[in-house]
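A.B. asks: Could you work out the structure for the sequence below:
(chains A and B)
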Amino acid sequence: MTGYLLRRTALLIPVALLVTVISFGIMHLAPGTPTDAASFNPKVSLEARQRMAALYGLDKPLRVQYAAWLGRIARFDFGRSFVDDRPVTEKIIERLPVTLVINIASLLLIFLIAVPLGVRSAAQPGGAFDRWTTLLVFLGYSTPSFWLALLCMAFFGVQLRWLPVSGLHSLDADGFGLLHQWLDMAWHLLLPIGIAAFVSLAGLSRYMRSSMIGVLRQDYIRTARAKGLPEHRVLYQHALRNGLLPLITILGLSLPDLIGGSVIAETIFSLPGMGRLFYDAVMARDYPVIMALVTIGALLTMLGNLLADAAYAVADPRIRVGGRE
Amino acid sequence: MRVWRWVLVVALTVLPVVPAFPQSEPVTGDALVVGSIGDASRLLPILASDSASGDIVGLLFNGLVKYSPQLEIVGDLAESWTVEQGGLVLTFTLRPNLRWHDGAPVTAEDVRFTYQKLIDPAVRTPFSSSYELVESVEVPDSRTIRIRYKEPFSPALESWMMGIIPKHLLEGQDLNTTPFLRHPVGHGPYRFVRWKTGELIELAANPDYFEHRPWIDRYLYRIIPDQATMFLELLTAGVDLSGLTPLQYQRQTDTAFVQRAYQKFRYPSFGFTYMGYNLADPRFSDVRVRRAINQAIDKQAILDGVLFGLGAVATGPYPKESWAYDPSVVPAAYDPPAAKALLAEAGWEDRDNDGWLDKDGQPFRFTLLTNQGNEVRRQVCELVQEQLKTLGIDVKIRVLEWATFVHEFIDKRRFEAVLLGWSLSRDPDLYDLFHSSKTKEGEYNFVGYNSPEVDALLIQGRQTFDQAQRQTIYHQIHRRLAEDQPYTFLYVADALPIISSRFRNVVSSPIGIGWNMIDWYAPSREQRYRRMSR
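C.D. replies: From the prediction side, this is the model:
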């Protein structure tokens, strides 16, 4: 088991390196430079732009630029943004909390709703409840989230005035007490989190449903039913435990999603999260920020896979046995 | 009787002076919430190259001079200035008792420091080129700055609208990375309070501002990256001031609520949309072809169709409000038959009866490029395509991502025609756009316009300080460009700001509505934000 994990971990290093080489290459292959923001302004001359490019080290060959970047990364220095010259780490840390709050909250919400939905649907596949939830979750799945967001903003925000249209805080929130500030933020995040959860219910509830259907066909469930256990105990005590196994993988795979914000949701709701940071960085060709986010994303993806595998091994004895052979 | 007649006379003379409704007196208080699509990046005038940074920096820092609402250059930090030796020496005298927000005096040394940083090769400023002709900056006393130029350069005066930065706070620091960029200290009508990245920038009225304290206590700059969200925020009064799209202006803001709660404004932006030709292309190097296309494009139809008429047809690079605009230039009449005749004269006729003009066996077909993300430009392209089709010219449209467009197509001259816009400063100097020396890769005369006459006029224009003489020169340039048609000038779009009606004294002018912001106020009863800034 330990050897297996060590081998898996060692394999991560070359993969991570490869990811950075590829993303560095692709980013620089894309036309455009960080000095483009100032281009097409007659007040900004060609010489001024060339001088700026040289100050950012962009006139050096790509190999040299990559080597310099790698050297800094080895010392945990992500460099400074080309857009505002602030340390990249500072920019990421500033954006991380919003995205984490939204993603963790919507993930929890999804689990809380999707698991019971899946279980109930699996109890009677093809029944009325199953068909109605199928309709509902697929309605969510196939609705463009930006469109739904705009509709909800217009209805709850403009028509009813129950919720704020956009933003993270009320304009005068810095004068509120701490609890008030938290409530204010929760009030602002109701729509973004609710919509994020609604449109992604389908995936998890379907996984849950099919996994439960598989489990419910097994002999031990028949035994449980045969000895006269009430149905809810059969479902939630006996079947659910095994039915949850595939969700471990899904949880592991969603680890990188926790820090990767949604550009569309953050733009529409005016939230300063990671999605917009990444999008703006790409648009401005802000290489240090892009590379930092790609590297962190790649590491988290690999870590998520690794954790999922490890957790699976802990949860499922068959995999532990397989690993020992 | 006599007495009563006098009373009547007095009453008639006095009455019209008293307004029908009592005019409220300006009061302090409230906050102005401005909606912006983008966040600022660096709050230092010499580094602020994006529009959001420019908006904020413009309230924190002043230049030596500024534009009056009538587009004349008037004193700002400088109370007066002189132009000597035919423009080789500019001498500015600062107003007395100017203070930084931290209380330190603003002196001529700050101006010299600003200049030194603008030309410092280690500072990442994009604006250095306007100061290359400066020979020296002398500071005879703490209120006088004498700037010598290597040659006369009339746009130089405009270049001193650059915000002055504090020497006492920035000396010895690396300007590219100084913490000052996020906590600026200026001398303008507002002072910096806080900046929550991607969310909000807050400014507060500067009680010691040299004109007078702005009436509005706080300026809140909300970052709302989506145009649709911005509009919904307007409808819930979450934003007091923002720009509208022509569609919103014309069709979506006529509800009773918006009409009651907001005032809309409309004034021409400085800039124009045009179709530019690659003049190295043998088809477009023939001026008859360019003139024919100019006659075959119905610009008013484009303006009505795409901008709901919110703009003006352009005849050259200047809006009508500019003193450089020559009113004697008549817009070419929309006249397809004349255009057809002109093209026939240039050898383009439909010889094989396939509906397209041809010459030497080649049909007249070209690709019109424009950039992605600008819906208006794409629609203009389609109208141009439609209108030239009736003439027998086959136009293909290609929409490209901005960086690809600039680097792979414009810079490398791989285009036949482009649809683009320029937004320009108020000074009419167009050296960078049309002088024949500005055709290197990355420079802005990418159409390759080369007219010895215009070259000479452009140089003369930037070496002349006398306004009347300059006007004659730029009128000539306007006329030449209208005749030569290196671009087909399409239209000047209007800026369409909307602002909460609780603010009084908002007056539109050729330079927009922001020019007298310190005089805006909200009457006490209508104020919405009570809290003061920290």
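
A.B. asks: Next, work out how far apart B:Val313 and B:Tyr325 are.
C.D. replies: In this structure, B:Val313 and B:Tyr325 are 13 Å apart, going by Cβ to Cβ, to the nearest Å. For every residue, glycine as well, the C-beta is placed using N, CA and C.

A.B. asks: Give me the more crowded residue out of the two.
C.D. replies: B:Tyr325 (20 against 17; other Cβ atoms under 10 Å in any protein chain shown).

A.B. asks: So the more buried one, which state does it fall into?
C.D. replies: At B:Tyr325 the chain is in coil, as set by DSSP: H, G, I helix; E, B strand; the rest coil.

A.B. asks: Secondary structure class of the residue lying closest to it once chain neighbours are set aside, three-state.
C.D. replies: Nearest non-adjacent residue to B:Tyr325, counting by Cβ to Cβ, 6 or more residues apart in numbering or on different chains: B:Tyr318, 4.2 Å away. With three-state DSSP as the basis, B:Tyr318 sits in coil.

A.B. asks: contacting residues for B:Tyr318?
C.D. replies: The contact partners of B:Tyr318, taken as Cβ atoms under 8 Å, 6 or more residues apart in numbering or on different chains, are B:Ala324, B:Tyr325, B:Pro428, B:Tyr474, B:His478.

A.B. asks: got those residues as TSV, with pLDDT and distance to A:Leu112 columns?
C.D. replies: Shown next, in TSV, are those (pLDDT from 0 to 100; distance: Cβ to Cβ, whole Å):
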residue	pLDDT	distance to A:Leu112
B:Ala324	93	66
B:Tyr325	93	65
B:Pro428	92	65
B:Tyr474	96	69
B:His478	96	68
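
A.B. asks: By neighbour count, which of these wins?
C.D. replies: B:Tyr474 (27 neighbours).

A.B. asks: which residue ranges form the helices in the stretch 351-500 of chain B?
C.D. replies: Per DSSP state H, counting those that start in this stretch, the stretch 351-500 of chain B carries helices over the ranges B:375-391, B:402-404, B:431-434, B:452-463, B:467-484.

A.B. asks: For chain A, find the nearest of those helices.
C.D. replies: helix B:402-404 (2.6 Å; Cβ to the nearest Cβ).

A.B. asks: Show me how far the closest one is from its chain's centre.
C.D. replies: Between the centre of helix B:402-404 and the centre of its chain there are 22 Å (Cα atoms, centre = their mean, to the nearest Å).

A.B. asks: List the buried residues of that helix.
C.D. replies: Within helix B:402-404, the residues scored as buried using 16 or more other Cβ atoms under 10 Å in any protein chain shown are B:Trp402, B:Ala403.

A.B. asks: average model confidence for it?
C.D. replies: For helix B:402-404, mean pLDDT is 84.

A.B. asks: How about stretch B:60-74?
C.D. replies: Stretch B:60-74 comes out at a mean pLDDT of 94.

A.B. asks: for stretch A:122-133, same thing?
C.D. replies: 91.

A.B. asks: List the buried residues in that stretch.
C.D. replies: In stretch A:122-133, counting by 16+ other Cβ under 10 Å, buried: A:Ala122, A:Ala123, A:Asp130, A:Thr133.

A.B. asks: Kindly report the same for stretch B:306-316.
C.D. replies: So for stretch B:306-316, counting by 16+ other Cβ under 10 Å, buried means B:Val306, B:Leu307, B:Phe308, B:Leu310, B:Gly311, B:Ala312, B:Val313, B:Ala314, B:Thr315, B:Gly316.
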